[in-house]
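Enquirer: make a model of this:
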Amino acid sequence: MADEKIELKDYRNFGIIAHIDAGKTTTTERILFYTGVIHKMGDIDDGNTTMDFMEQEQERGITITAASTTCFWKGKRLNLIDTPGHVDFTMEVERSLKVLDGAVVVMCATSGVQPQTETVWRQADRYQVPRMVFINKLDRLGASFERVLGEIHERLGANAAAVEFPDGTEDQVHGIIDIITEQYHLYKDDVGKEIEILPVPEKFKAKVAEFKHKLLERLSDGDDFIMEKFLEEKPVAPEEIKAAIRRATIKNLFVPVFCGTSLKNKGVQLLLDGITEYLPSPLDVPPVKAHHCENLELITELGPDPKAPLTALVFKIMSDPYVGKLFYTRIYSGTISQGEQVLNSSVKSKERIAKIVLMHANKQEIIAKASAGDIVALVGLKESKTGHTLCSTEQKFVLENMRIPEPVVSMSLEPKTKADNDKMGLVIRKFLDEDPSLRVDYDHETAQTIIKGMGELHLEIIVDRMRREHNLETTVGRPEVAYKETIVQKVTGVVGKHIAQSGGRGQYGHVVIDIERNSESGKGNIFIDKIRGGVIPREYIGSVERGINDGCLSGVLAGYPVVDVIVTLVDGSYHDVDSSELAFQLAAKIALRDALVKGKSVFLEPIMDLEVTSPEEYMSSVMGDLNQRRAQIVSLGTRANLKIARCNVPLAEMFNYVNAVRSLSQGRASFSMEPSHYEQVPQYIADKIIGARQEYLNRKHGR
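Expert: Numbering: from 1, shown residues only. This next block holds a predicted model:
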């Protein structure tokens with residue numbers, strides 16, 4: 001497979017992204033079947049799909065980790081990544097989109113645009129990834145191609161148009177009409193391999209004309225050639241339409257929309273044609289920006305030239321029981337060979353490539369070398385982590401890192417036996433290497449290890465993997481909300497002094513700070529140095545900043561991290577003999593703690609964007625329950641014969657909500673939620689948090 005000689009212009013590096021349960025993995029399974037990679041299609045319900053190879057994925061019927069594979073279609077090489085849809089594993093989508101050239105957004109023809117659809121769409125916007133839409137599950141009850149098409153415009157604000165539409169819905173999907181070529185694709189067998197291509201039946205001709213007019217109208221917004229033809233009402237040839245769709249899609253000015261039902265094997269070959277015709281090759285996307293190691297201000301643009309010096313990004317790490325760590329890598333320029341020595345420019349250390357493998361889900365194919373445009377896994381790296389840059393030793397570039405989401409849930413973790421203490425530390429370090437959205441802290445007051453992640457399921461999977469993969473049994477505390485602290489009042493002139501004399505050389509540090517709330521929430525903490533005239537020597541300014549950063553790790557209310565504050569160093573003093581870096585670091589911590597108290601520190605809690613779908617007869621019960629959970633209603637609507645409520649609700653109120661909503665609706669309501677933002681906690685809730693924390697510490701220390 002890897003030996004096929006394919007030019008770079010015929011590469012398609014793309015991912016399949018969607019809301020959970022839209023049919024990504026089933027669509028990927030059909031792609032692998034029709035491209036000849038597999039000879040029997042697996043099924044999510046049977047737990048035997050190619051891309052969901054983890055035990056937890058097969059048991060739960062969900063994708064947990066992004067899996068990549070390579071296949072070929074009509075002379076094009078497709079490097080495909082199937083990503084998770086569950087919000088707890090959004091980091092997998094984030095890092096996949098960072099390295100991909102295009103994406104297929106799968107949507108359910110019944111559920112339409114859902115909250116996680118909006119999230120993955122925003123992620124694709126952030127990395128400027130060209131995309132196309134596949135409206136799947138046309139065979140489901142209540143499916144509507146045109147309603148979902150309308151939601152793409154209204155809820156995503158996309159300039160999208162259909163390039164095909166179905167003949168029938170639910171159990172009556174007979175074929176698919178290609179709007180551009182005006183051909184009818186009739187499916188004649190159950191596996192979707194026998195397709196008869198016919199002229200469009202008379203009854204569909206008016207609908208084809210209507211869809212084509214809308215396609216040209218929307219396409220004219222993204223392509224000048226089509227605009228000219230459309231305004232002059234001149235006919236446009238199918239080849240001209242396809243060429244214009246490709247140009248506009250690559251520029252992110254247009255989104256072509258396809259349709260089908262992957263489970264019933266209809267529409268996937270046309271989707272494959274669309275991927276090869278409309279998504280970009282590595283040559284079509286803008287050059288990647290890189291900073292020079294020695295001069296981070298200098299930005300260089302790197303095109304996909306196999307003969308240029310090597311530049312590659314490690315975007316994912318996975319452990320393999322046979323070969324050790326696999327470092328998934330996108331090569332942006334140059335060529336890499338087995339046995340070659342490269343530079344990890346992120347940490348300035350040399351690495352040797354022991355093996356290069358092409359991944360086919362969890363199976364590996366060893367190759368001798370890989371070039372610009374390839375997505376491969378490397379074996380043998382020692383110092384590399386997710387987001388690190390690999391480059392040639394003569395041309396040292398650093399690529400921009402990916403965005404890592406903040407965790408919202410935490411829980412305590414203790415090994416069942418003391419003998420497993422060291423083992424747990426090693427296992428956790430392995431998981432931290434694999435998953436940058438996982439964080440670990442040690443609570444000195446309670447002597448517990450605290451793991452933090454994107455949700456209950458995220459942490460549950462980590463604990464389950466510890467047990468299965470490493471035979472490590474742990475005692476787990478109940479999940480807790482990752483609260484944060486910030487201030488509500490600006491405070492100026494807060495003094496911090498650390499003065500100590502112990503016979504020999506003393507300690508002297510003295511700082512004066514101002515503190516205020518950052519109006520741009522989510523931007524992190526900012527330290528500003530306004531020292532003039534040398535009242536604090538320059539060599540101690542970094543120590544003051546370190547003291548402030550360390551102090552922000554634990555707030556004054558209940559030890560939660562302090563966020564969204566601007567700390568300005570305005571004054572201070574030093575002693576020629578007794579001043580030291582440590583003294584100024586401790587003085588800064590003292591000043592910060594005092595400033596947080598005077599600034600009236602408050603709790604912030606994560607707010608979730610929740611969408612509940614329920615039959616009308618249960619909606620009042622569901623809404624009553626949500627009101628008790630401090631939910632704020634954003635919108636109410638109807639989809640087919642179901643009622644939909646969208647609201648913002650504190651995560652603290654949503655633990656075990658799945659059982660509550662099932663009992664309220666006899667199992668007929670469903671929901672999805674994702675992190676939205678942080679908001680101040682009401683005072684009566686804050687008092688409970690502080691009381692619970694104190695009670696726990698008293699119990700832990702036997703007070």
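Enquirer: how far away is residue 97 from residue 331?
Expert: 17 Å (Cβ to Cβ, to the nearest Å). Using the backbone N, CA and C atoms, a C-beta is placed for each residue, glycine as well.
Enquirer: next one: residue 106
Expert: 27 Å.
Enquirer: okay, now the unreliable bits of the stretch 401-550 of the chain?
Expert: Regions of the stretch 401-550 of the chain meeting the criterion pLDDT under 70 cover residues 445-446, 502-504.
Enquirer: which residue ranges of it form helices?
Expert: Secondary structure of the stretch 401-550 of the chain, counting by DSSP state H, counting those that start in this stretch: helices at 421-434, 456-470, 538-551.
Enquirer: figure out which of those is closest to residue 497.
Expert: Residue 497 sits nearest to helix 538-551 of all the helices of the stretch 401-550 of the chain, at 12.5 Å, using Cβ to Cβ.
Enquirer: can you point out the buried residues in whichever helix or strand comes after that closest one?
Expert: Downstream of helix 538-551, the first helix or strand assigned by DSSP states H and E is strand 565-573. For strand 565-573, burial by neighbour count (16 or more other Cβ atoms under 10 Å) applies to 565-567, 569-572.
Enquirer: tabulate the CA atom coordinates of the helix or strand following strand 565-573 in CSV.
Expert: Sequence-wise, the next helix or strand downstream of strand 565-573 (DSSP H and E) is helix 581-598. Provided in CSV are the C-alpha atoms of helix 581-598 (Å, rounded to 0.1, in the frame of the first residue of the first chain):
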residue,chain,number,x,y,z
GLU,A,581,15.7,35.4,44.3
LEU,A,582,14.0,33.2,47.0
ALA,A,583,13.3,36.3,49.2
PHE,A,584,11.5,38.2,46.4
GLN,A,585,9.6,35.1,45.4
LEU,A,586,8.2,34.7,48.9
ALA,A,587,7.5,38.4,49.2
ALA,A,588,5.5,38.3,46.0
LYS,A,589,3.4,35.3,47.3
ILE,A,590,2.7,37.2,50.5
ALA,A,591,1.6,40.3,48.6
LEU,A,592,-0.6,38.3,46.3
ARG,A,593,-2.3,36.5,49.2
ASP,A,594,-3.1,39.8,50.9
ALA,A,595,-4.3,41.3,47.6
LEU,A,596,-6.7,38.4,47.0
VAL,A,597,-8.3,38.9,50.4
LYS,A,598,-8.6,42.7,49.9
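Enquirer: tell me the mean pLDDT for helix 581-598?
Expert: The pLDDT scores in helix 581-598 average 95.
Enquirer: what pairs with whatever helix or strand comes next after that helix, parallel or antiparallel?
Expert: Scanning forward in sequence from helix 581-598 by DSSP H and E, the next helix or strand is strand 601-615. Using DSSP bridges, strand 601-615 pairs in its sheet with strand 484-487 (antiparallel), strand 642-650 (antiparallel), strand 670-680 (antiparallel).
Enquirer: before we move on, back to that, tabulate the buried residues of strand 565-573 (TSV), appending pLDDT.
Expert: Listed next are the buried residues of strand 565-573 as TSV, based on pLDDT from 0 to 100:
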residue	pLDDT
565	95
566	95
567	96
569	96
570	95
571	94
572	95
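Enquirer: can you lay out the residues you listed as JSON lines showing distance to residue 428?
Expert: Output for the buried residues of strand 565-573, formatted as JSON lines (distance: Cβ to Cβ, whole Å):
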{"residue": "565", "distance to residue 428": "30"}
{"residue": "566", "distance to residue 428": "33"}
{"residue": "567", "distance to residue 428": "31"}
{"residue": "569", "distance to residue 428": "36"}
{"residue": "570", "distance to residue 428": "41"}
{"residue": "571", "distance to residue 428": "43"}
{"residue": "572", "distance to residue 428": "39"}
